[in-house]
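Novice: Provided below are the primary sequence and the corresponding predicted coordinates.
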Amino acid sequence: MKQFDKINLGLFPTPMYRLNNISELLGTNVWIKRDDMNGIALGGNKVRKLQYLLADAKNKGYDLVATTGGAQSNHAMLTAACCNKLGMEPILVLKKRGVTECKGNLILNKLMGTDVRFIDTDSYDYITGAVMDEVEKEKGRPLYRIPCGGSNAIGSLGYLDCIKEIAETGEKFDYIVTACGSGGTTAGTALGAKLYMPGTKVISPMVDEDDFDTIVHRLMEQVIDELELDIDIPEVDLFPMWGPGYAIPSEEGNEAISMLMKNEGIVIDTCYTGKAFAGLIKRAREGFFKPEDKVLFIHTGGAGGLFSQDWEHMSL
Ligand SMILES: *Cc1c(COP(=O)(O)O)cnc(C)c1O
């Protein structure tokens, strides 16, 4: 397998353990991989992606990095935090979508003194194209552009790493469950499972309405190309859990958030992990898992986004 450079940015391996109370409640063995505890800001999956993306940027001679996302993007906030640690300059170009208040991740961006620009558009292509062309011109030096969610082939390598890390513990799982928001984590997890934990199936509740069958498939093809692997593209169980829409709290998601907080003292979020864990609960209640199955939930972070919510939106 071809090797890619990576910069160590977080605390790895992250903890992994059985959720005894939740396992009792759901009638199967539920474990958690705490990628929210990886030591940068409030943690989260984007750190593993950025370890590869920022190594790529440095290797190619860039010190100016831009990325994009929604106003509460965990990925954007973590890109700023990781760039700062490495002495690189981050610029966040975020979708405005009517946001006026400074809450959640936007507070963290302010505390870091991050250059945040809001654009009134719904098109990420417009942002990473025309808008970032302007930023590059303004700065007068080359700009390394990271797509929304860090979900390209290089970013996805971070989750091959995560699955390797899980495999190295010797624990075996029947299922791994992780949120699908821009596709890179799902793609990396599914390929990682294929390589390092054959037989483990990947379940990825979708928290946004994009065509993830196509997006995740294409990302997996790109990673296979980059790494010069000779493997078939694995199947992924993708199903809708976005509820009323991307980043809008759902009733099932809020139930999942309460359940984890109340029974295990673990904080998950309204946009990603709450809806993903709700997908796990849904499957458990459908009788999809056997009592002896081992199901691993990857906690991909997101606490910053949780604290951008008003209580009225949480108690639907
Ligand atoms: C970005 C994100 C995800 C989804 O990962 P993708 O690779 O974008 O699909 C899941 N959880 C949290 C907390 C995130 O910030």
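Specialist: Thanks, I have the structure now. Numbers count the residues shown, from 1 in each chain.

Novice: flag every residue of the chain that's near the ligand.
Specialist: Residues of the chain that fall close to the ligand, judged by CB under 6 Å from any ligand atom: 44-46, 74-75, 149, 151, 179-186, 269, 272-273, 300-302. For the C-beta atoms, the positions are set from N, CA and C on the backbone; glycine is no exception.

Novice: hmm, try it at 5 Å
Specialist: Contacts of the chain with the ligand, taken as CB under 5 Å from any ligand atom, map to 44, 74, 149, 179-182, 184-185, 272, 300-302.

Novice: in the helix or strand where Ala284 lies, which residues are buried?
Specialist: Per DSSP states H and E: Ala284 is located in helix 273-285. Within helix 273-285, the residues that count as buried by 16 or more other CB atoms under 10 Å are Thr273, Gly274, Lys275, Ala276, Phe277, Ala278, Gly279, Leu280, Ile281, Arg283, Ala284.

Novice: so who does the first one touch?
Specialist: If a contact means CB atoms under 8 Å, 6 or more residues apart in numbering, then Thr273 has Asp36, Ala179, His299, Thr300, Gly301, Gly302 as its contacts.

Novice: isn't the second one right up against Ile203?
Specialist: I take that to be Ala179. No: in this structure, Ala179 is not within contact of Ile203 by CB atoms under 8 Å, at 10.3 Å.

Novice: more crowded one of these two?
Specialist: Between Ala179 and Ile203, Ala179 has the larger neighbour count (other CB atoms under 10 Å), namely 30 against 23.

Novice: which non-adjacent residue is nearest the more buried one?
Specialist: Using CB to CB, 6 or more residues apart in numbering and skipping residues adjacent in sequence, the residue nearest Ala179 is Ala276, 3.5 Å away.

Novice: measure the most centrally placed residue in the chain to Cys148 for me?
Specialist: Nearest residue to the geometric centre of the chain (CA atoms, centre = their mean): Asn45, 4.3 Å. According to CB to CB, to the nearest Å, Asn45 and Cys148 sit 14 Å apart.

Novice: tally of neighbours for Gly129?
Specialist: By other CB under 10 Å, neighbour count at Gly129 equals 12.

Novice: hang on, it in a strand?
Specialist: No: according to DSSP: H, G, I helix; E, B strand; the rest coil, Gly129 belongs to no strand; its state is helix.

Novice: for Gly69, what are its contacts?
Specialist: Taking CB under 8 Å, 6+ apart, we find Gly69 in contact with His75, Ala76, Leu92, Leu94, Lys95, Cys148, Gly149.

Novice: now distance to Glu251 and neighbour count too, for those, in JSON lines please.
Specialist: Converted to JSON lines, the contacts of Gly69 look like this (distance: CB to CB, whole Å; neighbours: other CB atoms under 10 Å):
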{"residue": "His75", "distance to Glu251": "26", "neighbour count": "30"}
{"residue": "Ala76", "distance to Glu251": "28", "neighbour count": "30"}
{"residue": "Leu92", "distance to Glu251": "31", "neighbour count": "25"}
{"residue": "Leu94", "distance to Glu251": "27", "neighbour count": "23"}
{"residue": "Lys95", "distance to Glu251": "25", "neighbour count": "20"}
{"residue": "Cys148", "distance to Glu251": "27", "neighbour count": "22"}
{"residue": "Gly149", "distance to Glu251": "25", "neighbour count": "24"}
